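Novice: Build the 3D model from these lines:
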Amino acid sequence: MQPKTKEVLVLRANGMQSKQIAPKLNIHRRTVEWHLKNARDELGAKNTVHAVAIAMRDGLILTGEICCIMILCWSGLVGGDDMRRGPVARNTSRTARREFIV
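Specialist: A predicted model of the protein is given here:
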């Protein structure tokens, strides 16, 4: 991965948007998007969050380079459950689950 592409990916991992990254690196917003696309393509990722996760897993991005805490919750890296909806009580009725959530 090119150094500039990694730098853009790290800034995105820290929560910056393309319009914020561009002036920081003195490049155009479209160039930021181009670097992100290259990172996704090179890592075989479905989206930018997936690219960040793969880069962290492979040691391309170190945890010290990211200032925020990331919880990566999709079935491809965590397991078979869809973690976006939160925990669901198993083997209970719909009414019991509703009472459990409240």
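
Novice: State the number of residues packed around Val52.
Specialist: 24 (other Cβ atoms under 10 Å). Where you see a C-beta, it was placed from the backbone N, CA and C, and this is true even at glycine.

Novice: Ok, Asp58 next?
Specialist: Asp58 has 10 nearby residues by other Cβ under 10 Å.

Novice: for it, what are its contacts?
Specialist: Asp58 is in contact with Leu43, counting by Cβ atoms under 8 Å, 6 or more residues apart in numbering.

Novice: Backbone dihedrals for it, both of them.
Specialist: phi -90, psi 0 (degrees, to the nearest 10).

Novice: Please name every helix or strand in contact with the helix or strand hosting His50.
Specialist: Element membership of His50, judged by DSSP states H and E, is helix 48-57. In terms of contacts (3 or more Cβ pairs under 8 Å, 6 or more residues apart in numbering; DSSP states H and E), helix 48-57 is packed against helix 3-13, helix 29-43, helix 75-78.
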